[in-house]
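Colleague: here are the coordinates; sequence isn't available:
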């Protein structure tokens, strides 16, 4: 091949957009992500202690305890610095919250769908994503922060360039290790996961950033994690209004 022909070939290759590169099927990506979950030992009910930071503040506004089940159930109890008790519950795509025994309308959705990181199989992951409105048959390429990603659910580059732009519900996975980098929800909330940290034998993101239009940024810092003996009864809605235990107490059943 002559020099001129080689140059033209290189220019043509460089002009191929990333979206034209080979992308495995969403099903195969889901299987690989589930394998990552198993290696991280997250495919069990988890009890996680967290600190909530608001607006980039170094001092946490609240500390609390999160309980998450692979079936698609998560709950969080926060004790704020002013002494109030705030509770959040996510059951699939249903989000509920209460403060000091009273339901909150239009509360900030700070509770991430951690159960996506707990799916044990590809089919289980696809089922969890379906409850969040993700198109589990679509996979494209994307970039989030420093990570080149597979995006299950697709993406809208035009919306991504707009502050508060509504992107499709999607799961962003690092192309190298298939760890969750980001989740975009149908409600317009974006969860971005920090680098992995080890908590005993469990690997979880060291923090989760929460971004949503009209709200300050939140960060859930993960302080510890351990297995939990939780059942579906642990996530009854009456827990939201139940009288909290003493500080430091976390009883799975109200």
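Modeller: Here it is on my side, so go on. Remember, it's a predicted structure, so these values are computed and weren't measured experimentally.

Colleague: excluding its backbone neighbours, what's nearest residue 149?
Modeller: Distances taken as Cβ to Cβ, 6 or more residues apart in numbering place residue 172 nearest to residue 149, at 4.4 Å, with adjacent residues excluded. Any C-beta I mention is one placed from the backbone N, CA and C, and that applies to glycine too.

Colleague: report the beta-bridge partners for that neighbour.
Modeller: Here residue 172 sits in beta bridges with residue 151, residue 182, going by DSSP bridges.

Colleague: likewise residue 78?
Modeller: With DSSP bridges as the criterion, residue 78 is bridged to residue 64, residue 86.

Colleague: ok, back up a step: got a list of what the residue nearest to residue 149 touches?
Modeller: Residues in contact with residue 172 (Cβ atoms under 8 Å, 6 or more residues apart in numbering) are 142, 144, 147, 149, 150, 151, 180, 181, 182, 183, 184.

Colleague: give me that answer again for 7 Å
Modeller: Residue 172 is in contact with 142, 144, 149, 151, 181, 182, counting by Cβ atoms under 7 Å, 6 or more residues apart in numbering.

Colleague: the third one against residue 174, yeah?
Modeller: Yes - taking contact to mean Cβ atoms under 7 Å, the distance of 6.1 Å between residue 149 and residue 174 places them in contact.

Colleague: of those two, who's got more company?
Modeller: Per other Cβ atoms under 10 Å, whichever of residue 149 and residue 174 has more neighbours is residue 149, with 23 against 20.

Colleague: residue ranges of the helices in the protein, please?
Modeller: Under the criterion DSSP state H, helices of the chain are mapped to 3-14, 26-40, 122-131, 157-160.

Colleague: done for today, thanks.
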